[in-house]
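*Asks:* Provided below for reference: sequence and predicted model.
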Amino acid sequence: MRATEYNHYRSLSVDDYCADLCANFGYSVATSRAECERVMPATLAEAMEEPGHAMLVIEVAAQCVGYVWIHLDGPAGHLLDFIVEPAHRGLGHGRRALELIEARLRAEGAQSLQLRVAANNPRARALYEQAGLYVTGQLMAKTLVPAAPPGPAAGR
């Protein structure tokens, strides 16, 4: 992945993660955006500072159709982020990329593949289940502050 590709990946990833935080954790848009900016590395160099990380571009016919961020941590390979561009979803690119991710992690010594999938993403969950992944637990959450009233002043 090149720096320009990382910038595009980051904008897509931040948008997806913000939507996830709003839908699954009840965050306001402003709070979710601030959290995304806090946790998402600003540059490709920052993202690659820790050993075992790899950021990959999914290409079809020399065209970028998505991005993958993996991390090998001992015997576990972690799929940290997996984005297929909306216009290229449902065409098998995600399934093929997942096969290549598994092969790469296996070649690097991983004994398992682990990931988190948002509760409101049945399409991704179906892809992972078709690829043989299974639920090992569930992330549970509870909102501890009351929801802000609707309007421009809403935020946490």
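*Replies:* Nice, thanks for sending it over.

*Asks:* the helices in this protein, which residues?
*Replies:* Counting by DSSP state H, the segments of the chain that form helices are 3-25, 29-39, 44-47, 93-107, 122-130.

*Asks:* Kindly provide the distance from Trp69 to Gly137.
*Replies:* 21 Å (C-beta to C-beta, to the nearest Å). Yep, even glycine has a C-beta here, placed from its N, CA and C like the rest.

*Asks:* Settle it for me: which of these two has more neighbours?
*Replies:* Trp69 (20 against 5; other C-beta atoms under 10 Å).

*Asks:* The more buried one and Leu80 touch, don't they?
*Replies:* Yes: here Trp69 reaches Leu80: they are 4.3 Å apart, a contact under C-beta atoms under 8 Å.

*Asks:* quick one: common contacting residues for these two?
*Replies:* The contact sets of Trp69 and Leu80 overlap at His53 (C-beta atoms under 8 Å, 6 or more residues apart in numbering).

*Asks:* for the least confident helix or strand in the chain by mean pLDDT, packing partners?
*Replies:* Of all helical and strand segments in the chain, the minimum by mean pLDDT, DSSP states H and E falls on helix 44-47, at a mean of 76. Contact here means 3 or more C-beta pairs under 8 Å, 6 or more residues apart in numbering; DSSP states H and E; on that basis helix 44-47 packs against helix 3-25, strand 53-60.
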